[in-house]
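> here is my input, please return the structure:
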Amino acid sequence: MGKFGLQFKATLENITNVRPVGDDFRWYLKDSMPLKGGRGSASMVQKCKLCSRENSIDILRDTITPYNAEDSERYKTIVQFECRGLEPVDFQPQAGFAASGAETSTQFPEINLQEKDWTDYDEKASESVGIYEVTHQFIKC
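Numbering: from 1, shown residues only. Sure, this is the predicted structure:
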């Protein structure tokens, strides 16, 4: 059993508070296994085809943290996972993110980061907004 943090890094333009939206947000993770595991409730349970062991990943919801303008171009842990028998090795951002205008608090509720870049226009500030060069890494917590 171990905890892994997903660290997010991007260049933000006139935007802040990048975050996943909703309790049903899907974290698209690729994992490796096997590791020694245990049992209990989890966000995802997977049975190993080779050894029939149940492996799981639990999203630690109280660790979900927004990525803000001051975090731009630096890695920041945005969520932690408790893993039993699995280790996350890759993350594919998809739709389901939201953000706010850095100066105006204009809400951008439907951001898709699948292409690793996103742009829009903040009419209140009369300026472009964007999230660029999205990347990630995992750390052991």
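> doesn't Thr16 belong to a strand?
Yes: Thr16: assigned to a strand according to DSSP: H, G, I helix; E, B strand; the rest coil.
> what residues are up against it?
Counting by C-beta atoms under 8 Å, 6 or more residues apart in numbering, Thr16 touches Pro66, Asn68, Ala69, Ala99, Ser100, Gly101, Ala102. C-betas here are computed from N, CA, C, even on glycine.
> hmm, Pro4 is touching Leu86, no?
Rather than Pro, residue 4 is Phe. No: with contact defined as C-beta atoms under 8 Å, Phe4 does not count as touching Leu86 (9.3 Å).
> so Leu113 makes contact with Ala98?
No: using C-beta under 8 Å, Leu113 is not in contact with Ala98; the gap is 11.1 Å.
> wasn't Glu70 part of a helix?
Yes: looking at Glu70 with three-state DSSP, it is inside a helix.
> that one: neighbouring residues, count only.
Applying other C-beta atoms under 10 Å, we find 10 other residues in the vicinity of Glu70.
> what's the answer for Val134, then?
20.
> where's it relative to Asn55, distance?
Using C-beta to C-beta, to the nearest Å, Val134 is found at 28 Å from Asn55.
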